[in-house]
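**Student:** Sequence and predicted structure below; questions after.
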2 protein chains.
Amino acid sequence: MASTRVPSLADVEAAAGRVAGGVRRTPVLALNRADTGLAAEIVLKLELTQHSGSFKARGALNSVLSLSPGVTGVCAASGGNHAGAVSWAAARAGLTADVFVPSNATPAKIARIAEYGGRAHLVDGFVKDALEACLSFAAEHELPLIHPYDSFETVCGAGTAGLEIAEQVPGADLVVVACGGGGLFAGLTTALTDQVVVQPVEPELCPALSRALQAGEPVPTTVGGVAADSLGAPRIGEIAFAAAQRSGVTSILVSEQSIADARRFLWATARVLAEPGACVALASLLTGAVGVPPGGTVVVLVSGGNNDSLPD
Amino acid sequence: MASTRVPSLADVEAAAGRVAGGVRRTPVLALNRADTGLAAEIVLKLELTQHSGSFKARGALNSVLSLSPGVTGVCAASGGNHAGAVSWAAARAGLTADVFVPSNATPAKIARIAEYGGRAHLVDGFVKDALEACLSFAAEHELPLIHPYDSFETVCGAGTAGLEIAEQVPGADLVVVACGGGGLFAGLTTALTDQVVVQPVEPELCPALSRALQAGEPVPTTVGGVAADSLGAPRIGEIAFAAAQRSGVTSILVSEQSIADARRFLWATARVLAEPGACVALASLLTGAVGVPPGGTVVVLVSGGNNDSLPD
C-alpha cells in the first residue's frame, strides 16, 4: 500500500516528470470583475478538461507509474472520480483495475469506469464503505491499492496542477480549492509553497478538515449533500492535515445553496459545466466567505466535470 | 447598415484593439493522438467560453463600438447566438437591442437574450425570415442593423479569434472552422493570411458556401438539420465568398451523424459541451473528410456552447 509520507516540492516536480505527456496541461480562463462582481480577477483552472474528467487522473497516473515492476493490476475506491481515473491510468499502463464505488455514485461516474476499462464493484453506503470493501479485496488478491487522497504518490500527482498554475498565473495572490480528503489541497500547497496561499474550502455537509482542525487530529466525519460523491471523504487525509497545519490555514465552509448557485454561474457565464464538488471553491468567493485581495488575481480550481445534467 | 467591404489583416488588428478588455481571450486545449486516433495533435480553441457563449460576442462588440456617436439602440437577427451576443454587447455600451430570432430557436438561446438585456422578437421560419423582419424594423425605427456575418465590422471582430490562435498556437499547420454565413471563416482567413490555411466545413444540410462555389456566386440555399440554428444562413456572405475565392479553399461537407458523434466525443473526452454547429469542424477531422498533416498540429474552432442538453 502507498505510503503517507508528506511530499516536498521536489517530490511534486519528480511526479510532473513522470506524468509528462500522459496528463493534459489544462487551460485557464480569466473572468474579469464585471463578470463576477468581485474586486479581483478570477482565473479558472479548468481541470474538468483533464483525462477522465477530473484532476484525479494526475494522482492516478503518477501512482500507477510508480508501481514496482511485475504488478499486473490495481484496485481503488472512491466516490467515482478517482475510480474512473484509476481505470483510465491502469488501462494506459496495461494493468487491470478493480474499483469500488458507492452504489449511489452518479450514473455518469459509474458508466465511465467500464468505458475506461475498469471493473466497477458497487458497494452500498458511502466512500468509507467502498474503501473498506476495497481494502479486503486488495488483501485477498494481493493487489496494490491506489488511495484516492492520502498517499504520497496521489498527492504528488495532484500537485502537478499547482506547478502549472505557477507557470500559467505567475502573479496569483491566492489559490482556492475544494477539500474532501485533501489530496488536491495538499498537492497544491506543496507545489506552491512559498509562492501563494492555497485556501481549502469544504461543503458544510462534508467538513472533514474543519473537524480535524478543531479536534487537533483527523477524526471520523459524517458526510452528505450535493458534493458528497466527490468530497465525501470519511476523514481528512493525514497528509492534508499535516499540510494544513504547516501552512496555518483554516477551512472555510459553504452552504449547499451556494454550491448550486456557483454551478449555475459557471455554466451561464462561461459554458463550463462543472460537477457540484468542483464549484465549492468558487462558491466561497461568490458568497464572500473567502475575501479577495482588491485588484488582485485569484485562481480557482474547477476540479471535475463528471455531470449527469445541466443546471436548472 | 454596415458595409460589406472586405477587411484586411490591419482591419482585424484594429478591431482587436477596439474590443480589448471587452471580449475574453479564450483558452486552448491540446488533445494528443491517442485521444483522437488521428495522426496530428488537435488543439481546441474553446470559443464557447466567450461572453454570450459563442464567438459572436467578438463581432457584436466590435460592431457596437464602431457605431456613430448618438446612436441609442441597435437591432439584429440570427439563429440565436448573434442575437444573444448583440444583446450582450449593446447592454455593455448602454444601448437597447431589438433582436429577431426564428421561433424554433433553442430555448437556451431565447432565454439568454432577455438575460443579457435584449428584446427578443420571435419570427416563424428560418434565419432568412428573421432577417427580413429585422430589416423592416430597422427601416421603420431608423436603427442600425448589426449583421450576423456579412458586414465589415462583424467579420473584423470574428477575426480577432484568429489573432489569438496565431499567438497561442504559433506552429499550427491547419485551422478548421465551421461555416454558416461565413463571418468567422472570413475573419480567421483574414487574420491568419500568409500563415496557415483556414479550412471551412459545412453540414450537408447547410451548404451555402458549397453552393456558392459551384455557382460562382452566392446563391439562395435551403438549410436544415441539427446545426441550422447556428449555421443556417440563407446564403453565404459576400465577404466570406470573396475570402474563399481569394484563398482558393473548397468547402468540406459533413453528415448529421458525424456532427452528433463529434459532440459526444468532445463531451466524453474533454467535458467540453459544445452546441452542434460548434462540432462541425471536429467532425470533418474525426471522419477523415479533412485530412491532417501527419505529426502536425491542427487547430479546431469550437465556436459555441448554447446548449439545452447533454449528449445522449
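**Tutor:** Perfect, thanks for sending it.

**Student:** hey, let's count contacts and neighbours off CA atoms from now on
**Tutor:** Noted.

**Student:** May I have the phi/psi pair for A:Val6?
**Tutor:** Dihedral pair for A:Val6: phi -80, psi 120, per degrees, to the nearest 10.

**Student:** how about the nearest residue to it, chain neighbours excluded?
**Tutor:** Nearest-residue entry for A:Val6: A:Ile239, 5.6 Å, with adjacent residues in sequence omitted and distances by C-alpha to C-alpha, 6 or more residues apart in numbering or on different chains.

**Student:** Quick check: beta-bridge partners of A:Val201?
**Tutor:** Beta-bridge partners recorded for A:Val201 (DSSP bridges): A:Ala178, A:Ile252.

**Student:** That one against A:Val177, yeah?
**Tutor:** Yes - counting by C-alpha atoms under 8 Å, A:Val177 is a contact partner of A:Val201 at 6.1 Å.

**Student:** And the contacts of stretch A:73-81?
**Tutor:** With contacts defined as C-alpha atoms under 8 Å, 6 or more residues apart in numbering or on different chains, stretch A:73-81 is touched by A:52-54, A:56, A:82-83, A:86, A:90, A:95-102, A:105-106, A:109-110, A:126-127, A:130-131, A:134, A:138, A:143-148, A:228-232, A:306.

**Student:** In strands, which of these appear?
**Tutor:** Counting by DSSP state E, the contacts of stretch A:73-81 place A:96-102 in strands.

**Student:** would JSON lines of those residues with distance to chain B and neighbour count be doable?
**Tutor:** Converted to JSON lines, the ones in strands among the contacts of stretch A:73-81 look like this (distance: C-alpha to the nearest C-alpha, whole Å; neighbours: other C-alpha atoms under 10 Å in any protein chain shown):
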{"residue": "A:Thr96", "distance to chain B": "19", "neighbour count": "21"}
{"residue": "A:Ala97", "distance to chain B": "20", "neighbour count": "29"}
{"residue": "A:Asp98", "distance to chain B": "21", "neighbour count": "25"}
{"residue": "A:Val99", "distance to chain B": "20", "neighbour count": "31"}
{"residue": "A:Phe100", "distance to chain B": "22", "neighbour count": "29"}
{"residue": "A:Val101", "distance to chain B": "20", "neighbour count": "34"}
{"residue": "A:Pro102", "distance to chain B": "22", "neighbour count": "23"}
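
**Student:** the strands in chain A, which residues?
**Tutor:** With DSSP E as the criterion, chain A has strands spanning A:28-31, A:41-46, A:73-77, A:96-102, A:119-123, A:174-178, A:197-203, A:252-254, A:297-302.

**Student:** For the ones you listed, give me TSV that also has mean pLDDT.
**Tutor:** Below are the strands of chain A laid out as TSV (pLDDT from 0 to 100):
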stretch	mean pLDDT
strand A:28-31	98
strand A:41-46	98
strand A:73-77	97
strand A:96-102	95
strand A:119-123	95
strand A:174-178	98
strand A:197-203	98
strand A:252-254	98
strand A:297-302	98
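
**Student:** among those, which is nearest A:Gly277?
**Tutor:** Taking C-alpha to C-alpha, strand A:174-178 is the member of those nearest to A:Gly277, at 7.1 Å.

**Student:** Give me the angle between that closest one and strand A:197-203.
**Tutor:** With axes from the mean of the first three to the mean of the last three C-alpha atoms, to 10 degrees defining the directions, strand A:174-178 sits at 30 degrees from strand A:197-203.

**Student:** elements contacting strand A:174-178?
**Tutor:** Contacts defined by 3 or more C-alpha pairs under 8 Å, 6 or more residues apart in numbering or on different chains; DSSP states H and E place strand A:174-178 against helix A:183-191, strand A:197-203, helix A:280-286, strand A:297-302.

**Student:** Show me which residues of the stretch 201-312 of chain A sit near chain B.
**Tutor:** Residues of the stretch 201-312 of chain A that fall close to chain B, judged by C-alpha under 8 Å from any C-alpha of the partner chain: A:269-273, A:305-306, A:308-310.

**Student:** what do you get if the cut-off is 10 Å, keeping everything else the same?
**Tutor:** For the stretch 201-312 of chain A, the contact set with chain B under C-alpha under 10 Å from any C-alpha of the partner chain comprises A:266-274, A:304-310.

**Student:** Tell me which residues of stretch A:125-140 come out buried.
**Tutor:** Of the residues in stretch A:125-140, A:126-131, A:133-135, A:137-138 count as buried by neighbour count, 16 or more other C-alpha atoms under 10 Å in any protein chain shown.

**Student:** pLDDT on it, on average?
**Tutor:** What stretch A:125-140 shows for mean pLDDT is 92.

**Student:** for chain A, what spans make up the helices?
**Tutor:** A:9-19, A:33-36, A:56-65, A:81-92, A:107-115, A:127-141, A:152-168, A:183-191, A:208-215, A:228-231, A:238-247, A:256-270, A:280-286 (DSSP state H).

**Student:** Is there any residue in the lowest-mean-pLDDT helix or strand in chain A that contacts chain B?
**Tutor:** Least confident helix or strand of chain A, by mean pLDDT, DSSP states H and E, is helix A:107-115 with a mean of 88. Yes - between helix A:107-115 and chain B, judged by C-alpha under 10 Å from any C-alpha, the touching residues are A:112, A:115.

**Student:** Please identify the buried residues of that helix?
**Tutor:** A:109-110, A:112-113.

**Student:** next one: stretch A:222-232
**Tutor:** For stretch A:222-232, by 16+ other C-alpha under 10 Å, it's A:223-232.

**Student:** What is the nearest of those to chain B?
**Tutor:** Closest approach between the buried residues of stretch A:222-232 and chain B, by C-alpha to the nearest C-alpha: A:Ser230, at 16.4 Å.

**Student:** confidence score at the residue nearest to the spatial centre of chain A?
**Tutor:** Residue closest to the average C-alpha location in chain A (C-alpha atoms, centre = their mean): A:Leu184, at 4.6 Å. Predicted confidence (pLDDT) for A:Leu184: 98.

**Student:** From chain B, how far off is it?
**Tutor:** 20 Å (C-alpha to the nearest C-alpha, to the nearest Å).
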